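**Student:** how would this look folded up:
(2 chains)
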Number of protein chains: 2
Amino acid sequence: MNAQGWIAVAGLGPGNEALITPEVSATLAEATDILGYIPYVARIAPRPGLRLHPSDNREEIDRARHALDLAAAGGRVVVVSSGDPGVFAMAAAIFEALEGRADAETLDIRILPGITAMLAAAARAGAPLGHDFCAINLSDNLKPWEIIETRLRAAAHADFAMAFYNPRSRARPEGFGRVLEILRECCEPGRLITFARAVSTPDEELRTVTLAEARPEMADMRTMVIVGNSLTRRVGPWVYTPRRA
Amino acid sequence: MNAQGWIAVAGLGPGNEALITPEVSATLAEATDILGYIPYVARIAPRPGLRLHPSDNREEIDRARHALDLAAAGGRVVVVSSGDPGVFAMAAAIFEALEGRADAETLDIRILPGITAMLAAAARAGAPLGHDFCAINLSDNLKPWEIIETRLRAAAHADFAMAFYNPRSRARPEGFGRVLEILRECCEPGRLITFARAVSTPDEELRTVTLAEARPEMADMRTMVIVGNSLTRRVGPWVYTPRRA
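**Tutor:** Prediction:
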């Protein structure tokens, strides 16, 4: 291989092919190597000359190192994430793996944005993130639970709408129940919460309930949870947050 | 016209055509009417049978009402926003205008997500939004300044990364200077701030400085400002926020 390798970290969007940007599609067409979590690599059509490297989702740093090594050796490497690669996905892992490398200044790296799950979910629900909002990863794999709790309380206090990634997993079935308890301490019972599962795929399910009605089992690993701010309201079948505060 | 009208609120992304989703492109191709702020409508190629309705950016609610009326009369109407329509853009205005209408339950409305400015800017900088973050509209056209200040302090206290939309305008040249003062009260002087102007267009400019070095005039109306959290760091030419807290 020659020295013209590069690495692109690309967002495939929430699932529907019509939500993949032309920039990402064109880059995938030039790739020699695709790396990513198994179900995301499974979205890439095989073709001659393209090597697929699926890996498990607990192996982000090893995958990032492998991708950087392949690019340094001349590969045209695409690391695929669902959604947007910069939002709780592979872009940060790539830069963590870049630390200490002699080629950190010179490697050709591009981050290609995608439609992140919270914006796809918000679009299906209406416009619940139409005013100031925050995005919180509820997984405590990589941070102490206390930080999640501090951020939830701060967001509720300042009346941000909130989007929760990874609300519930088999490893932490109790965490999301605790999140709902904290929200009940900080917010009124009529606060609107949207559970958006597998948005833009054939498995899509959408449900909006009040905080009083919300139950932990309404979320699973494929669900985005969007909590409105104090002014979020319904109109017709829609949920939206007004532009005025 | 017949009764099969519909309205789509579509995100055109930050400027580069390669960042417009195929879903949006296909919907634009079916439209009879395009409404939006003058520079966004200017991005749509004219064709026979397509009516363009550009309007000023202080006229969101009138534009939304006009769009709903055209769809109710059988038009195939696309309201265009830059970025994502659900993030400080036209989707919320459409639902505000839908309030009280007899056809609120039945009008065919779709919100089509797009690449919002903060994610395009983050991708060019690296991964500064790679951990929990919030998005704040710094315009005080539609909310009291006190709310902006409360949200800034809450976000800094809880160590969110932050993305600022509309940091500076001719009408409010002093507001962003006050934002920097508040950040200096709450955050360490070495906190990294990225100013990303006109991302993905020929006018793109990107600059990352410390909070101590940041000046109000580094932002203008076309700039996204991204403030890292306390762990945000540089590697090579990049800025990223680690996945661990």
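**Student:** low-confidence stretches in chain A?
**Tutor:** A:1-3, A:171 (pLDDT under 70).
**Student:** ok, the residue lying closest to residue A:57 once chain neighbours are set aside to chain B distance?
**Tutor:** Leaving aside its sequence neighbours, residue A:57 sits nearest to residue A:37 (Cβ to Cβ, 6 or more residues apart in numbering or on different chains; 4.6 Å). Just so you know, the C-beta spots here come from the backbone N, C-alpha and C atoms, and that holds for glycine as well. Residue A:37 sits 14 Å away from chain B, taking Cβ to the nearest Cβ, to the nearest Å as the criterion.
**Student:** then residue A:26?
**Tutor:** 7 Å.
**Student:** doesn't residue B:18 make contact with that residue?
**Tutor:** Yes - using Cβ atoms under 8 Å, residue A:26 is in contact with residue B:18, at 7.1 Å.
**Student:** more neighbours, those two?
**Tutor:** Per other Cβ atoms under 10 Å in any protein chain shown, whichever of residue A:26 and residue B:18 has more neighbours is residue B:18, with 14 against 11.
**Student:** regarding the more buried one, what is its secondary structure?
**Tutor:** Using DSSP: H, G, I helix; E, B strand; the rest coil, the structure places residue B:18 in helix.
**Student:** and for residue A:36?
**Tutor:** Quick answer, by three-state DSSP: residue A:36 is strand.
**Student:** next, the closest residue to it other than its chain neighbours: phi, psi?
**Tutor:** Of all residues not flanking residue A:36 in the chain, residue A:80 sits nearest, at 3.9 Å (Cβ to Cβ, 6+ apart). The phi/psi pair for residue A:80 (degrees, to the nearest 10) reads phi -100, psi 140.
**Student:** so residue A:80 sits against residue A:35, correct?
**Tutor:** Yes - at 7.3 Å, residue A:80 counts as touching residue A:35 under the criterion of Cβ under 8 Å.
**Student:** list residues touching both of those two?
**Tutor:** Shared contacts of residue A:80 and residue A:35, defined by Cβ atoms under 8 Å, 6 or more residues apart in numbering or on different chains, are found at residue A:41.
**Student:** compare the two (neighbour count), which wins?
**Tutor:** residue A:80 (28 against 25).
**Student:** what pairs with the more buried one across the strands?
**Tutor:** Bridge pairing for residue A:80 (DSSP bridges) gives the partners residue A:10, residue A:36.
**Student:** show me the contacts for it.
**Tutor:** A:10, A:12, A:34, A:35, A:36, A:40, A:41, A:43, A:44, A:90.
**Student:** please repeat the previous calculation with a cut-off of 10 Å.
**Tutor:** A:8-12, A:24, A:28, A:31, A:34-37, A:40-44, A:52, A:54, A:89-90, A:112, A:114 (Cβ atoms under 10 Å, 6 or more residues apart in numbering or on different chains).
**Student:** gap between it and residue A:11?
**Tutor:** As judged by Cβ to Cβ, to the nearest Å, residue A:80 and residue A:11 stand 8 Å apart.
**Student:** next, the nearest residue to residue A:94 once chain neighbours are set aside: secondary structure please.
**Tutor:** Excluding its sequence neighbours, the residue lying closest to residue A:94 (Cβ to Cβ, 6+ apart) is residue A:64, at 4.8 Å. What three-state DSSP gives for residue A:64 is helix.
**Student:** again with residue A:245
**Tutor:** Here residue A:245 is recorded as coil under three-state DSSP.
**Student:** which SS state does the residue lying closest to it once chain neighbours are set aside fall under?
**Tutor:** With Cβ to Cβ, 6+ apart as the criterion, residue A:245 has its nearest non-adjacent residue at 3.7 Å, and that residue is residue B:143. When classified by three-state DSSP, residue B:143 comes out as coil.
**Student:** list the contacts for residue B:143?
**Tutor:** A:131, A:132, A:243, A:244, A:245, B:137, B:151.
**Student:** on that earlier part again, drop anything exposed from the contacts of residue A:80.
**Tutor:** Restricting these to buried positions leaves A:8-12, A:24, A:28, A:31, A:34-37, A:40-41, A:43-44, A:52, A:54, A:89-90, A:112, A:114, with burial counted as 16 or more other Cβ atoms under 10 Å in any protein chain shown.
**Student:** returning to that earlier point: I'd assumed residue A:53 was in contact with the residue nearest to residue A:94.
**Tutor:** No - if you go by Cβ atoms under 10 Å, residue A:64 and residue A:53 don't touch, sitting 11.9 Å apart.
**Student:** looking at these two, which has the bigger crowd around it?
**Tutor:** Neighbours per residue, other Cβ under 10 Å: of residue A:64 and residue A:53, the larger number sits with residue A:64, 23 against 15.
**Student:** would you mind giving the domain segments of chain A?
**Tutor:** Chain A breaks down into these domains under automatic domain parsing: A:6-115, A:118-240.
**Student:** for residue B:104, which of the ones you listed is the nearest?
**Tutor:** Nearest to residue B:104, of all the domains of chain A, is domain A:118-240, at 3.7 Å by Cβ to Cβ.
**Student:** ok, residue A:192 - contacts?
**Tutor:** Counted by Cβ under 10 Å, 6+ apart, residue A:192 has contacts A:125, A:128, A:161, A:208-211, A:213-214, A:226-229, A:232-234, A:239-241.
**Student:** er, residue A:238 actually
**Tutor:** By Cβ under 10 Å, 6+ apart, the neighbours of residue A:238 are A:124-128, A:208, B:91, B:94-95, B:98, B:104-105, B:109, B:111.
**Student:** restricted to strands, list these.
**Tutor:** The strands, defined by DSSP state E, take in A:126, A:127, A:208, B:109, B:111 from these.
**Student:** wait, the first one sits on residue A:235?
**Tutor:** Yes - in terms of Cβ under 10 Å, residue A:126 counts as a neighbour of residue A:235; the distance is 7.7 Å.
**Student:** who has more neighbours out of those two?
**Tutor:** Applying other Cβ under 10 Å to residue A:126 and residue A:235 shows that residue A:126 carries more neighbours, namely 28 against 18.
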